[in-house]
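Chemist: Generate coordinates for the sequence data below:
(4 chains)
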Protein chains: 2
Amino acid sequence: MKMHNPPHPGEVLRQLCLEPLNLTVTDAARSLGVSRKALSSILNGRTGISPEMAVRLSMAFNTSAESWLNQQLQYDLWHAEKSRKSLHVARLSAA
Amino acid sequence: MKMHNPPHPGEVLRQLCLEPLNLTVTDAARSLGVSRKALSSILNGRTGISPEMAVRLSMAFNTSAESWLNQQLQYDLWHAEKSRKSLHVARLSAA
DNA sequence: ACAAGTGTAACCTATATGGTTACAGGCTGC
DNA sequence: GCAGCCTGTAACCATATAGGTTACACTTGT
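Modeler: Numbering: from 1, shown residues only, chains lettered A, B, ... in the order given. Presented below is the predicted three-dimensional model:
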């Protein structure tokens, strides 16, 4: 049912990529070709994973770009669903 | 392999939701609770599907918000992959 | 004490979403 | 012909996001 608060992709990135390799934020950012601030912002849940960042992560960690964007999608969607009740939309489909 | 240029979600929206119900852009926008310009911009591939818009579509057409965002993800990712070669990223993982 | 790593604030930029208004073109019916 | 409706879109606005640089304070290890 996927009803639980999905973690921010930044948490996953830190736990699954940086920590196992004992990478510092500074070093990882340098390798990714982004600023230390950009990576820190993701790791601390302040910024989402952009399509370009997903491609960078896939290159550096030999993973799937789609999986990163999918985690971001789940995270964004979960928060968007919280405002579902406040949107006034008329039903147009059959049922 | 999903290697083909994915269609913009706006095309799909028009063909699968508006046309079957004989909905005008004006009427659909009113029902969705957004401006006619916002919907037109999506239908013509100029704007992506935002999380909030995905929830609106799911309410109006009794569909899954996730499916709309997934289509958007595929579309965005396909374009982001095109710049993969121009990004300088150092490999950090094992292989 | 000093160096390294970290989070983050302040500032800049570019881009994206979406609203309102207004216009021009295409139909359709009278 | 003309009125009415639908459409795309331009111009303008506000807001939010992503990312860059610089600088600062804090913590930790040597």
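Chemist: make it CA atoms for all contacts and neighbour counts henceforth
Modeler: Fine.
Chemist: now what about the host helix or strand of A:Trp78, what contacts it?
Modeler: A:Trp78 belongs to helix A:65-81 when elements are defined using DSSP states H and E. Residues outside helix A:65-81 that contact it (Cα atoms under 8 Å, 6 or more residues apart in numbering or on different chains): A:5-9, A:48-51, A:54-58, B:51-52, B:55, B:65-66, B:69-70, B:73, B:77.
Chemist: what is the orientation angle of that helix with helix B:65-81?
Modeler: Orientation check (axes from the mean of the first three to the mean of the last three Cα atoms, to 10 degrees): helix A:65-81 against helix B:65-81 gives 140 degrees.
Chemist: Next, the buried residues of helix A:65-81.
Modeler: Buried residues in helix A:65-81, defined by neighbour count with 16 or more other Cα atoms under 10 Å in any protein chain shown: A:65-66, A:68-78, A:80-81.
Chemist: Now do the helices in chain A.
Modeler: A:9-13, A:25-32, A:36-43, A:51-61, A:65-81 (DSSP state H).
Chemist: Make a markdown table out of those and add distance to B:Leu18 and mean pLDDT.
Modeler: Shown next, in a markdown table, are those (distance: least, Cα to Cα, whole Å; pLDDT from 0 to 100):
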| stretch | distance to B:Leu18 | mean pLDDT |
| --- | --- | --- |
| helix A:9-13 | 35 | 98 |
| helix A:25-32 | 43 | 98 |
| helix A:36-43 | 38 | 98 |
| helix A:51-61 | 29 | 98 |
| helix A:65-81 | 23 | 98 |
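Chemist: With distance to DNA strand C as extra columns, can I get those in JSON lines?
Modeler: As requested, the helices of chain A are exported to JSON lines (distance: least, Cα to the nearest atom of the strand, whole Å):
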{"stretch": "helix A:9-13", "distance to DNA strand C": "10"}
{"stretch": "helix A:25-32", "distance to DNA strand C": "3"}
{"stretch": "helix A:36-43", "distance to DNA strand C": "4"}
{"stretch": "helix A:51-61", "distance to DNA strand C": "11"}
{"stretch": "helix A:65-81", "distance to DNA strand C": "11"}
